[in-house]
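Visitor: sequence first, then the predicted structure:
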Amino acid sequence: MTRALRQAVLFSLLGICLAGISSPVPAWGWGLGAAAEEEQKPGRELLYKVINFAILVGGLGYLLRKPLAEFLTSRSASIHKSLDEGRKALEASEAQLHAVEEKLRHVEEEIAAYQASAAREMEAEGQRLRQAAEADVARMLEATRAQMDALVRGAKLELKNHTAREALSRAEEQIRARLGQAGRERLVSEFVASLEAQERKN
């Protein structure tokens, strides 16, 4: 029996079952008497309904077996695919999270290293600035000492010159006070005589 023939027979049986549910008097009950039929009618109706229902369910199960199996198979495959995709997405997310955590850990280490390097550089720069300031102060002190020494030497020389000028001036005044006109003329004549004597020697 081909598949099309089986489906036609099955549809015919389903039609009969549906018709039997709506009118449950079976065709094979014609030989019974009317009184016997009336007595057995409630029980037979229930039995026929059960049989019709079982045939209907069996026929529907037979007809829907392949589509239902295909649907369940595709649904199961879709669920498995979704689960695989979800697992892969979860693994990718975990990998990304691990990479981000690694980067954050490296960033924290780099920040700590940068802070330590910056602290060392600041300390070295502060030391260099202190040394430069001390050198500048030393140079300024040396220049100030040199200027003060020069000023002191100049002041001493000026004082000596002033003292010498004052001494010469006072000596001249004292000589003038002690010597009169005659004494000055005598000194001049003695000076001229000494010059003449030197010229004669030469």
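Guide: Right, received. Where do you want to start?

Visitor: give me the helix or strand of the protein that scores worst on average pLDDT.
Guide: helix 3-22 (a mean of 59; mean pLDDT, DSSP states H and E).

Visitor: right, and the helix or strand after it?
Guide: Downstream of helix 3-22, the next assigned helix or strand under DSSP states H and E is helix 34-178.

Visitor: kindly export whichever strand or helix holds Leu187 (C-alpha atoms) in CSV.
Guide: Following DSSP H and E, the helix or strand that holds Leu187 is helix 181-201. Extracted C-alpha coordinates of helix 181-201, given in CSV (Å, rounded to 0.1, in the frame of the first residue of the first chain):
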residue,chain,number,x,y,z
GLN,A,181,111.6,133.6,53.4
ALA,A,182,115.3,133.2,54.0
GLY,A,183,115.1,129.6,54.9
ARG,A,184,113.1,128.8,51.8
GLU,A,185,115.7,130.7,49.6
ARG,A,186,118.4,128.8,51.3
LEU,A,187,116.7,125.4,50.6
VAL,A,188,116.2,126.4,47.0
SER,A,189,119.8,127.4,46.6
GLU,A,190,121.0,124.2,48.2
PHE,A,191,118.8,122.2,45.9
VAL,A,192,120.2,124.1,42.9
ALA,A,193,123.7,123.5,44.1
SER,A,194,123.1,119.8,44.5
LEU,A,195,121.7,119.6,40.9
GLU,A,196,124.8,121.5,39.6
ALA,A,197,127.1,119.1,41.5
GLN,A,198,125.4,116.1,39.9
GLU,A,199,125.7,117.6,36.5
ARG,A,200,129.5,118.2,37.0
LYS,A,201,129.9,114.6,38.0
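
Visitor: might you calculate how far that helix sits from the centre of the chain?
Guide: Taking Cα atoms, centre = their mean, to the nearest Å, one finds the center of helix 181-201 at 106 Å from the center of the full chain.

Visitor: tell me the mean pLDDT for it?
Guide: In this model, helix 181-201 has an average pLDDT of 73.

Visitor: angle of that helix against helix 34-178?
Guide: If you take axes from the mean of the first three to the mean of the last three Cα atoms, to 10 degrees, helix 181-201 sits at 100 degrees to helix 34-178.

Visitor: mind listing what's buried in helix 181-201?
Guide: Of all the residues in helix 181-201, not one is buried under the rule 16 or more other Cβ atoms under 10 Å. No exception for glycine: its C-beta is placed from N, CA and C like everyone else's.

Visitor: so which elements touch that helix?
Guide: Where contact means 3 or more Cβ pairs under 8 Å, 6 or more residues apart in numbering; DSSP states H and E, helix 181-201 is not packed against any helix or strand.

Visitor: 10 Å - rerun?
Guide: Judged by 3 or more Cβ pairs under 10 Å, 6 or more residues apart in numbering; DSSP states H and E, helix 181-201 is in contact with helix 34-178.

Visitor: other SSEs contacting the helix it packs on?
Guide: On a contact count with 3+ Cβ pairs under 10 Å, 6+ apart, helix 34-178 meets helix 3-22, helix 181-201.

Visitor: could you give the separation of stretch 82-97 from the chain centroid?
Guide: 25 Å.

Visitor: contacts for it next, please.
Guide: Stretch 82-97 is contacted from outside by no residue at all, using Cβ atoms under 10 Å, 6 or more residues apart in numbering.
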